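all I have is the shape, not the residue letters:
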């Protein structure tokens, strides 16, 4: 198994103007137990970036 952290490559990780998930280890979201908070656009953007990053690395490792 290969663990692929995204580091600080996603620019959204530098935005501290609001509460949000996302760490150098990967995409996360902050949610309450009742599900009232859904992932923000920034959190979704970090998740998309991580997916693209991991897929690109998988292609390189497979090649």
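Looks like it came in fine. Note that the structure is a prediction, hence the values are computed from the model and not measured.

tell me the SS of residue 8?
Here residue 8 is recorded as coil under DSSP: H, G, I helix; E, B strand; the rest coil.

residues contacting it?
By Cβ atoms under 8 Å, 6 or more residues apart in numbering, the residues touching residue 8 are 14, 24. Every C-beta, even on glycine, is put in place using the N, C-alpha and C of the backbone.

strands along the chain, start to end?
Shown for the chain, no strands are assigned by DSSP state E.

distance check, the residue nearest to the spatial centre of the chain against residue 39.
By Cα atoms, centre = their mean, the mean C-alpha position of the chain lies nearest to residue 27, the distance being 2.4 Å. Relative to residue 39, residue 27 is positioned 9 Å away (Cβ to Cβ, to the nearest Å).

ok, now which ones touch residue 61?
Residues near residue 61 by Cβ under 8 Å, 6+ apart: residue 2.

repeat for residue 27
So residue 27 contacts 6, 21, 43, 46, 47, 49, 50 (Cβ under 8 Å, 6+ apart).

number of residues surrounding the second one?
When counting by other Cβ atoms under 10 Å, one arrives at 16 neighbours for residue 21.

hmm, back to that, any chance of TSV for the contacts of residue 27, columns pLDDT?
What follows is the contacts of residue 27, written out as TSV (pLDDT from 0 to 100):
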residue	pLDDT
6	88
21	87
43	92
46	92
47	94
49	93
50	94
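
between those residues, which has the most around it?
Among those, residue 46 has the most neighbours (other Cβ under 10 Å), with 26 neighbours.
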